[in-house]
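J.: quick one: sequence and predicted model below, then my questions.
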Amino acid sequence: MLRQKLASFCLLLLALLSHFGLHVATGRGIGDKHCGSTFCGNLNISFPFGLRTQAHSCVPNFNGVELVCENNRTIFPMKKGNFLVKHISYVNQTILLVDASLGDDNCSVPHSSSPWLNPSLGVLGLNRADMNDRGEIYVVNCKTKMINSSANYIDASRCSTSPSDAANGYFYFLHTEAAPSDFHPSCTFEALVPITPSDITGVSNFDIYQRLLKGTQFKW
């Protein structure tokens, strides 16, 4: 009787080990589709993101979004311009992005268009974290300097040494709700820039840049 009970117990134990062992192996298989966690500076990079230097080496068919680590800064590469990743919350599934061309002490204008215009996002769909304010503004470059009566055009020059001049053109912010007739023939589209809050009516150049430097939060 004792031998029968012992044999039954051993069979049950083997069955349990086989069952849980299979699930552990399956779990590892799922995990292997990702690249695990790594760091760029003090920013944790985990799925659905991965650094370009590791993404293809760890998984042949990496299906997340590739980021780039440059000088301990995490870059969200775009087809047109790049965004600097300021923060990622894997709990809230949010990522905070700032135009990488912007800085507190330089004269550059934003050149990076909204992330959802990027076809390389793959399976990840980004939406604005605040669905009540999904605004953008145009950045345009005009060969002609807009006169003071052109209220829809807000000078995008950040300092006296700004690249806005007769040779390089004049950069302006223009609200996306502007009518087609508001587009001057001498102006060309440069970027569609995310901004929060989106209403720039009567807003100064300084305040627009303060909003841009705070970044925009996206949710996946």
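T.: Perfect, I can see it now. Predicted, not measured: the structure shown is a model, and the values here were computed from it.
J.: what is C142 paired to in the beta sheet?
T.: Beta bridges link C142 to Y170, C187 when assigned by DSSP bridges.
J.: next up, the contacts around it.
T.: By CB atoms under 8 Å, 6 or more residues apart in numbering, the residues touching C142 are 153, 169-172, 184, 186-188. From N, CA and C alone the C-beta is placed, and that goes for glycine too.
J.: can you give me the helices in this structure?
T.: Listed in chain order, the helices of the chain (DSSP state H) span 2-31, 52-58, 205-214.
J.: of those helices, which shows the lowest average pLDDT?
T.: When the helices of the chain are compared by mean pLDDT, helix 2-31 comes last with a mean of 37.
J.: nearest residue to S114 other than its sequence neighbours?
T.: P194 (5.0 Å; CB to CB, 6 or more residues apart in numbering).
J.: sorry, back to before: now tabulate the contacts of C142 in a markdown table and tack on pLDDT and distance to L84.
T.: Below are the contacts of C142 laid out as a markdown table (pLDDT from 0 to 100; distance: CB to CB, whole Å):
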| residue | pLDDT | distance to L84 |
| --- | --- | --- |
| Y153 | 89 | 27 |
| G169 | 87 | 25 |
| Y170 | 91 | 26 |
| F171 | 92 | 20 |
| Y172 | 93 | 23 |
| H184 | 89 | 31 |
| S186 | 90 | 31 |
| C187 | 92 | 27 |
| T188 | 93 | 25 |
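J.: of all those, which comes closest to C69?
T.: F171 (29.8 Å; CB to CB).
J.: near the closest residue to N106 other than its chain neighbours, how many other residues are there?
T.: Closest residue to N106 apart from its sequence neighbours, by CB to CB, 6+ apart: R158 at 7.6 Å. Applying other CB atoms under 10 Å, we find 21 residues neighbouring R158.
J.: where does this protein have low pLDDT?
T.: 1-34, 55-62, 103-105, 115-125, 128-134, 148-151, 160-166 (pLDDT under 70).
J.: about what we covered before: what bridges to the residue nearest to S114?
T.: Here P194, judged by DSSP bridges, has bridge partners E136.
J.: wait, it sits on E136?
T.: Yes. With contact defined as CB atoms under 8 Å, P194 and E136 form a contacting pair (5.3 Å).
J.: neighbour-wise, which of those two wins?
T.: Neighbour comparison, P194 and E136: the larger count goes to P194, with 28 against 19 (by other CB under 10 Å).
J.: neighbour count and distance to Y209 added to the contacts of C142, as CSV?
T.: Converted to CSV, the contacts of C142 look like this (neighbours: other CB atoms under 10 Å; distance: CB to CB, whole Å):
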residue, neighbour count, distance to Y209
Y153, 25, 16
G169, 19, 19
Y170, 22, 17
F171, 24, 12
Y172, 26, 13
H184, 17, 23
S186, 14, 24
C187, 21, 20
T188, 12, 21
